[in-house]
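J.: Here's my sequence, what's the structure:
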Amino acid sequence: MPKKYGSAHWEGDLKEGKGTVSVESGAIEDQPYGFNTRFEDKPGTNPEELVAAAHASCFSMALSMVLGEAGMTASEIDTRATVTLDQVDGGFAVTKSHLDVTVSVPDGDPDKVMEACEGAKANCPISKLLTAEITMDAKVV
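T.: Residues are numbered from 1 along each chain as shown. Down below sits the predicted model:
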């Protein structure tokens, strides 16, 4: 089974320090991140948006698979994952990942498409990785 990696480099203290993040494929390479990109909306990335992108992309692929197993093919699946970082017990924790999904399945039964959405939400590998509450709004168009 494949193993993929992401890497990070950090210099300095928490608030003034800075880092870069990269992924094995090179699709993300030396992207800046730090306290200011995480909490102050400065340019760069942060762990929560990287997890959100991973969850959205994993869910979309899983939904495609589940639909296929049910004899349906989506013409489009658009997924946005919103990851929530909250203060918990004196520290921080990712407490939620909410999926907003719009899926178009020509001639698909909307109830079966919604069932596939729920199955993909519960079973995509990133959903299984996250111990946070995972919520979803799905829309069949």
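J.: Contact partners for the residue most central in space within the chain?
T.: Nearest to the mean C-alpha position of the chain, counting by C-alpha atoms, centre = their mean, stands H55 at 2.3 Å. The contact partners of H55, by C-beta atoms under 8 Å, 6 or more residues apart in numbering, come to 81, 83, 97, 99, 124, 126-127, 130, 134. From N, CA and C alone the C-beta is placed, and that goes for glycine too.
J.: try S57
T.: T79.
J.: Tell me the one of the contacts of H55 nearest Y5?
T.: Using C-beta to C-beta, I126 comes nearest to Y5 of these, at 15.4 Å.
J.: now the helices for this structure?
T.: 35-39, 47-69, 110-123, 125-129 (DSSP state H).
J.: Show me what counts as buried in the longest one.
T.: Under the neighbour-count criterion of 16 or more other C-beta atoms under 10 Å, helix 47-69 has 47-56, 58-64, 66-67 buried.
J.: can I get the CA coordinates of it in CSV?
T.: The C-alpha trace of helix 47-69 is given here as CSV (Å, rounded to 0.1, in the frame of the first residue of the first chain):
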residue,chain,number,x,y,z
PRO,A,47,-2.4,23.0,9.0
GLU,A,48,-6.1,23.3,9.1
GLU,A,49,-6.5,24.3,5.5
LEU,A,50,-4.2,21.5,4.5
VAL,A,51,-6.3,19.0,6.4
ALA,A,52,-9.5,20.5,4.9
ALA,A,53,-8.1,20.1,1.4
ALA,A,54,-7.1,16.5,2.2
HIS,A,55,-10.6,15.8,3.6
ALA,A,56,-12.4,17.4,0.6
SER,A,57,-10.3,15.6,-2.0
CYS,A,58,-10.5,12.2,-0.2
PHE,A,59,-14.3,12.5,0.3
SER,A,60,-14.8,13.4,-3.4
MET,A,61,-12.9,10.3,-4.6
ALA,A,62,-14.7,8.1,-2.1
LEU,A,63,-18.1,9.4,-3.2
SER,A,64,-17.1,8.7,-6.8
MET,A,65,-16.3,5.1,-5.8
VAL,A,66,-19.5,4.6,-3.8
LEU,A,67,-21.6,6.0,-6.6
GLY,A,68,-19.9,3.7,-9.1
GLU,A,69,-20.6,0.7,-6.8
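J.: Thanks again, I'm all set now.
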